[in-house]
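Enquirer: Provided below for reference: sequence and predicted model.
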Amino acid sequence: MALTLRVVNVNNNIGFHSSFSRSTFVSPNPSKSSSREYNSFVFQCSQVEQLSVTESENSLIEALIGIQGRGRSTSPQQLNSIERAIQVLESLGGGVPDPTNSSLIEGRWQLIFTTRPGTASPIQRTFVGVDFFSVFQEVYLRTNDPRVSNIVSFSDAIGELKVEAAASIGDGKRIFFRFDRAAFSFKFLPFKVPYPVPFKLLGDEAKGWLDTTYLSHSGNLRISRGNKGTTFVLQKQTEPKQKLLTAISSGVGVREEIDKLISLNKNSGEEPELEEGEWQMIWNSQTVTDSWLENAANGLMGKQIVGKNGGIKYVVDILLGLKFSMTGTFVKSAPKVYEVTMDDAAIIGGPFGYPLEFGKKFILEILFSDNKVRISRGDNGIIFVHSRTNALR
């Protein structure tokens, strides 16, 4: 049997590419057994490649969870993880071939991430980096009037801005477009308000192209690169964790998304635990008080570090390099429930510390936890949402 096998290893994501044809499968004793062996081999190779593609898609989605401003506020470490995950999917070749000719590219896509270089359009610079707004792209190529539209949704109560472009297919990956109209659709007005941009006078500035470098076979994930060097990651349906973090960023519908995520966890039958790692508090159900010390002691701000052997620490940045630190222990007392005792507090400044007379005991119930997000309930029914800040386990 003649077989060419290429292995791609990028950031521990391994993809297998095989190329062969039935004519190259030669057995010294041709028989039905040989045919069965060949078919079994082909099936196993396809399973390996599909598994690799699925894992790589999940790696990209996980890397994007917690990214603010669709890439506006991204640490170098986060950006490297996202770029590596994108490169892996593009290099695997496991997506839909000729995506512009597939019906899977049609529909409404939500923008999850973009590199947003300085050459991005004014609309991108103005709206894309604001989490309060949702950004979508509609692709409809199989009509008498093929179009690609960029949509900024301000809220269900306010309305949206839709910028439309006439589109045409260049090849299996490329879509050419020319922006030609735009308008605001406000819920409180019975008519559209034109967006004041003279597209006809812009000439080539209103033109562009978009290459789809990866389209998942599920039709839910797309990677595209634009003529101005921008990379886009879009999804048709976002995961519950993504919806929760988006709600926290915008400040709208947080409790509803928390309830949905907790409900999904209950249905899974898995028991969440207080997992080791560094966790940043990103939302809580109680309004902070005027006392930073009280807020810190109640876990309403700062970072929580869960260590091995039942050790736990709260760290809060105060000002001018000063930190409030409180350490203690935790013991599991029931499924999902932990008794926490904090008994060592201090103000830390560089190598020096000023001890504080402070102690606190409370019960912490873990409602949801995975390698990115944790939802818990403390005393007085306060709900906390933490995001993991250190490397994944």
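Expert: Nice, thanks for sending it over. Numbers count the residues shown, from 1 in each chain.

Enquirer: going by C-alpha atoms from here, please, whenever you check contacts or count neighbours.
Expert: Noted.

Enquirer: got the domain ranges for this structure?
Expert: Following automatic domain parsing, one gets these domains for the chain: 95-235, 250-388.

Enquirer: relative to residue 248, how far out is residue 284?
Expert: Relative to residue 248, residue 284 is positioned 10 Å away (Cα to Cα, to the nearest Å).

Enquirer: please apply the same query to residue 315.
Expert: When distance is defined by Cα to Cα, residue 315 is 22 Å away from residue 248.

Enquirer: what of residue 339?
Expert: Counting by Cα to Cα, the gap between residue 339 and residue 248 amounts to 27 Å.

Enquirer: out of the two, which sits in the busier spot?
Expert: Remark: of residue 339 and residue 248, residue 248 carries more neighbours, 21 against 15, as counted by other Cα atoms under 10 Å.

Enquirer: list phi and psi for the more buried one.
Expert: phi -60, psi -40 (degrees, to the nearest 10).

Enquirer: hang on, it packs against residue 254?
Expert: Yes. Distance between residue 248 and residue 254: 5.8 Å, which falls inside the contact criterion (Cα atoms under 8 Å).

Enquirer: shared neighbours of these two, which are they?
Expert: In the contact map built from Cα atoms under 8 Å, 6 or more residues apart in numbering, no residue is linked to both residue 248 and residue 254.

Enquirer: in what helix or strand does residue 332 lie?
Expert: Using DSSP states H and E, the secondary-structure element containing residue 332 is strand 322-334.

Enquirer: apologies, that question was intended for residue 243.
Expert: For residue 243, the element it lies in under DSSP H and E is helix 240-250.

Enquirer: list the contacts of stretch 138-145.
Expert: Residues lying outside stretch 138-145 but in contact with it, judged by Cα under 8 Å, 6+ apart, are 105-109, 146-151, 166-169.

Enquirer: from residue 222, how far out is residue 114?
Expert: Between residue 114 and residue 222 the distance is 12 Å, computed by Cα to Cα.

Enquirer: with residue 146 instead?
Expert: When Cα to Cα is applied, the distance between residue 146 and residue 222 equals 19 Å.

Enquirer: go on, residue 174?
Expert: When Cα to Cα is the yardstick, residue 174 and residue 222 sit 13 Å from each other.

Enquirer: common neighbours of those two, please.
Expert: When contacts are counted by Cα under 8 Å, 6+ apart, the set common to residue 174 and residue 222 consists of residue 212.

Enquirer: so which of these two has more stuff around it?
Expert: Under the criterion of other Cα under 10 Å, the comparison of residue 174 against residue 222 puts residue 222 first, with 24 against 20.

Enquirer: what lines up beside whichever strand or helix holds that one in the sheet?
Expert: The secondary structure element spanning residue 222 is strand 221-226 (assigned by DSSP H and E). Using DSSP bridges, the neighbouring strands of strand 221-226 in the sheet come out as strand 207-215 (antiparallel), strand 231-235 (antiparallel).

Enquirer: looking at those strands, which is nearest to residue 355?
Expert: With Cα to Cα as the criterion, residue 355 lies closest to strand 231-235 of the strands paired with strand 221-226, at 48.2 Å.

Enquirer: please save the CA atoms from the closest one in PDB.
Expert: Output for strand 231-235, consisting of C-alpha atoms alone and laid out as PDB, is shown next (Å, rounded to 0.1, in the frame of the first residue of the first chain):
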ATOM      1  CA  THR A 231      -8.900  38.400  10.700                       C
ATOM      2  CA  PHE A 232     -12.500  37.600  11.800                       C
ATOM      3  CA  VAL A 233     -13.900  34.700  13.800                       C
ATOM      4  CA  LEU A 234     -17.600  34.300  13.600                       C
ATOM      5  CA  GLN A 235     -20.200  31.900  15.000                       C
END
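
Enquirer: for the contacts of stretch 138-145, which one is nearest residue 309?
Expert: Taking Cα to Cα as the measure, residue 109 is the one of the contacts of stretch 138-145 closest to residue 309, at 45.1 Å.

Enquirer: report the beta-bridge partners for that closest one.
Expert: So, taking DSSP bridges as the rule, residue 109 has residue 137 as bridge partners.

Enquirer: OK, contacts around it?
Expert: Taking Cα under 8 Å, 6+ apart as the test, what residue 109 contacts is 136, 137, 138, 139, 234, 235, 236, 237.

Enquirer: now do residue 248
Expert: With contact set as Cα under 8 Å, 6+ apart, residue 248 has these partners: 254, 282, 283.

Enquirer: export those to JSON lines and append columns for distance to residue 334, pLDDT and secondary structure.
Expert: Rendered in JSON lines, the data for the contacts of residue 248 read as follows (distance: Cα to Cα, whole Å; pLDDT from 0 to 100; DSSP: H, G, I helix; E, B strand; the rest coil):
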{"residue": "254", "distance to residue 334": "27", "pLDDT": "92", "secondary structure": "helix"}
{"residue": "282", "distance to residue 334": "26", "pLDDT": "89", "secondary structure": "strand"}
{"residue": "283", "distance to residue 334": "25", "pLDDT": "91", "secondary structure": "strand"}
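
Enquirer: which one of those is nearest residue 67?
Expert: Closest approach to residue 67 among the contacts of residue 248 (Cα to Cα): residue 282, at 12.5 Å.

Enquirer: before we move on, the earlier item: closest one to residue 309 among the strands paired with strand 221-226?
Expert: Sorting these by Cα to Cα, the top spot, which is the nearest, belongs to strand 231-235 at 40.1 Å.
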